[in-house]
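> Just the structure for this:
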Amino acid sequence: MYLSLFDIIILFGALQGLILGLVLLFSKPEERISGKKNYLALLVLILVYNGLETFSWSSDNNTFNYFFSLFPNVLIFGLGPCLYLYIRSFTHPQGFSKSTLLKHFAIVGVQFALRLFILAVALLNQRGTVLGLWSADLDILHNTVSDNLAVVVFWFYLVLAGREIWLQYKNPEEQIPLKWLRILYLFTLVWGIAWAVTTVYPVIFKANKSSYYYPIEVLQVLFIYWLGITGFYRIKVVQVEAQKKTGAYFEGIDTETVERCEVALKKAMETERLYLDPELTVSKLADHINISAKTISAVLNQHLQKGFSEYVNDYRIAEVKRRLARNETRTMTIAGIALDSGFNSMATFQRVFKSSENMTPKEYLAKVSENKSQEA
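Numbers count the residues shown, from 1 in each chain. Prediction:
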């Protein structure tokens, strides 16, 4: 198999992106960029998939080309939501509800369902048409519409992501690495412009569309290389920089303010039980106790040695444990108890609980039941 320079560039870019995506997914939390890193990892892995798809048709690799031709224009619709949710996660460290995730990624599911429908029609076409439908016609129609719709959807989320950065810029109380997010957004914006031009130009000027995909694919590889070099560097230093800034700010807070903040936090959690609010944020808490979000973050990080999410989730875990000890699983499931205790995601609950107790919720419940049996 002959590989051109273009093929080699695309292949190595995809492999580097694959490594970066896996590092983001499986590295320890303290080694990652602040925010919900899984969204950034998914964004990179989607670019990797698209790069491998390009490599398959560019290198005339029929085996892989057949594989990628089954579900084209599906994962690409997840790029916009991943970018937007990653940027927004800096002001929503507690995560997003299932309904929110379903809303943003629904179009990916719709595209996947349409491809399954076309494949089903293709199988039935072996015996003739299905209500006058041919899979080849449906495939051409789907690809034509999806090529253009994917750009529209991406730009829709690009605008939402830009608005989110602007809102974060106007709220300096949050501990957000705005420089990193602005650079990331700028690179994504340039890539989005190139993608739009690549899609629109051949239509307007009746040019050969495939030839115009080479620049955008090379730019995509450069984007992945940049994430792999600059982005990986940021993985190591963003939290360190934020910690230094928080430490410097904390040193300027007088002892009385620190004590007042600590008392207010304890009252908000233990008496008013604000942790039961699944949408609780540091800004929301700041408004409630009338202390700036920046001061709250500094007191939590420097005085209590905890981040905001960890602090709130500790109370939620304690609430879940109390309810499990009262054997409330007779009337509610563990999932129901977790959601009732302030968690808005079962994945987050499972991860936080296991990290805190070194066992799963089911294992903890079994241990509680066993202890009660022994006491009886």
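
> ok, residues contacting stretch 79-88?
Where contact means C-beta atoms under 8 Å, 6 or more residues apart in numbering, the residues beyond stretch 79-88 that reach it are 35-37, 39-40, 42-43, 46-47, 96, 101, 104-105, 108, 153-158, 160-161, 164-165, 168, 181, 184-185, 188. For glycine as for every other residue, the C-beta is placed from the backbone atoms N, C-alpha and C.

> starting at the chain centroid, how far to that stretch?
Centre-to-centre, stretch 79-88 and its host chain are 6 Å apart (C-alpha atoms, centre = their mean, to the nearest Å).

> if you average pLDDT over it, what comes out?
Stretch 79-88 shows a mean pLDDT of 91.

> Stretch 215-223 too?
For stretch 215-223, the mean pLDDT works out to 77.

> I'd assumed L280 was in a helix, is it?
No - going by DSSP: H, G, I helix; E, B strand; the rest coil, the assignment for L280 is coil, not a helix.

> didn't it look like it was pressed against Y311?
No - the pair L280 / Y311 is not scored as a contact, 10.6 Å apart, by C-beta atoms under 8 Å.

> re the thing from before, return the subset of the contacts of stretch 79-88 lying in helices.
Of the contacts of stretch 79-88, the ones assigned to helices by DSSP state H are 37, 39-40, 42-43, 46-47, 101, 104-105, 108, 153-158, 160-161, 164-165, 168, 181, 184-185, 188.

> Can you say which of those residues are buried?
37, 39-40, 42-43, 46-47, 104-105, 108, 153-155, 157-158, 160-161, 164-165, 168, 181, 184-185, 188 (16 or more other C-beta atoms under 10 Å).

> which residue is nearest the middle of this protein?
The chain has Y39 as the residue nearest its centroid, 2.0 Å off, counting by C-alpha atoms, centre = their mean.

> what residues are up against that one?
Residues in contact with Y39 (C-beta under 8 Å, 6+ apart) are C82, L83, L85, Y86, S89.

> Which single one of those is nearest to V218?
Nearest to V218 out of the contacts of Y39 is L83 (C-beta to C-beta; 20.4 Å).

> is it fair to say that closest one lies in a strand?
No - judged by three-state DSSP, L83 forms no part of a strand; its state is helix.

> Not counting sequence-adjacent ones, nearest residue to it?
A161 (5.3 Å; C-beta to C-beta, 6 or more residues apart in numbering).

> ditto for S369
Nearest residue to S369 in three dimensions, chain neighbours excluded: N327, at 8.0 Å (C-beta to C-beta, 6+ apart).

> do the same with V299
C261 (4.7 Å).

> Quickly find the element holding that neighbour.
Element membership for C261, per DSSP states H and E: helix 255-266.

> residues in contact with that helix?
Contacts of helix 255-266 (C-beta under 8 Å, 6+ apart): L285, I289, N290, I291, T295, I296, V299, L300, H303, L304, Y311.

> Which parts of it count as buried, going by neighbours?
V258, C261, A264, L265.

> same check, this time on stretch 364-375
Neighbour count says stretch 364-375 has Y364, L365, V368 buried, by 16+ other C-beta under 10 Å.

> Then stretch 111-124?
Buried positions in stretch 111-124, judged by neighbour count with 16+ other C-beta under 10 Å: Q111, L114, R115, I118, V121, A122.

> F353: which of these is nearest?
Of all the buried residues of stretch 111-124, Q111 has the smallest distance to F353: 34.3 Å, by C-beta to C-beta.

> What is the neighbour count of the closest residue in space to the closest one that isn't next to it in sequence?
Distance criterion C-beta to C-beta, 6+ apart; nearest residue to Q111, sequence neighbours excluded, is V74 at 4.5 Å. The tally of other residues near V74 (other C-beta atoms under 10 Å) stands at 21.

> now R322
For R322, the count of nearby residues is 12 (other C-beta under 10 Å).

> contacts for the strand or helix carrying it?
Using DSSP H and E, R322 sits within helix 308-325. Contact with helix 308-325 is made by 93-94, 265, 269-270, 273, 275-276, 280, 282, 285, 296-297, 300, 304, 306, 332, 334, 337-338, 340-343, 349, 352-353, 356-357, 361, 364-365, 368, as judged by C-beta under 8 Å, 6+ apart.

> moving C-terminal of it, what's the next helix or strand?
Counting by DSSP H and E, what follows helix 308-325 is helix 334-340.

> thinking again about what came up before, could you flag which of the contacts of helix 308-325 are buried?
When the contacts of helix 308-325 are checked for burial by 16+ other C-beta under 10 Å, the buried set is 93-94, 265, 269, 275, 280, 282, 285, 296-297, 300, 334, 337-338, 340-343, 349, 352-353, 356, 361, 364-365, 368.

> Identify each buried residue in the strand or helix carrying V23, please.
Here V23 sits within helix 5-26, counting by DSSP H and E. Neighbour-count burial for helix 5-26, counted by 16+ other C-beta under 10 Å, picks out 6-7, 9-11, 13-14, 16-18, 20-21, 23-24.

> Now flag whichever of those is closest to G78.
Closest to G78, out of all of the buried residues of helix 5-26 and judged by C-beta to C-beta, is G21, at 13.0 Å.

> hang on, the closest one packs against V44?
Yes - applying C-beta under 8 Å, one finds G21 in contact with V44, separated by 4.2 Å.

> Wait, V44 touches V23, no?
No - using C-beta under 8 Å, V44 is not in contact with V23; the gap is 9.5 Å.

> same question for stretch 316-328, mean pLDDT?
89.

> With only the CA atoms kept, save the helix or strand just after the helix holding C261 in PDB.
Going down the chain from helix 255-266, the next helix or strand is helix 282-289, by DSSP H and E. Extracted in PDB, the C-alpha atoms of helix 282-289 (Å, rounded to 0.1, in the frame of the first residue of the first chain):
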ATOM      1  CA  VAL A 282     -19.900  28.400  44.100                       C
ATOM      2  CA  SER A 283     -21.600  31.500  42.700                       C
ATOM      3  CA  LYS A 284     -25.000  30.400  44.000                       C
ATOM      4  CA  LEU A 285     -23.500  29.600  47.400                       C
ATOM      5  CA  ALA A 286     -21.800  33.000  47.500                       C
ATOM      6  CA  ASP A 287     -25.000  34.800  46.900                       C
ATOM      7  CA  HIS A 288     -26.700  32.800  49.700                       C
ATOM      8  CA  ILE A 289     -24.100  33.400  52.400                       C
END
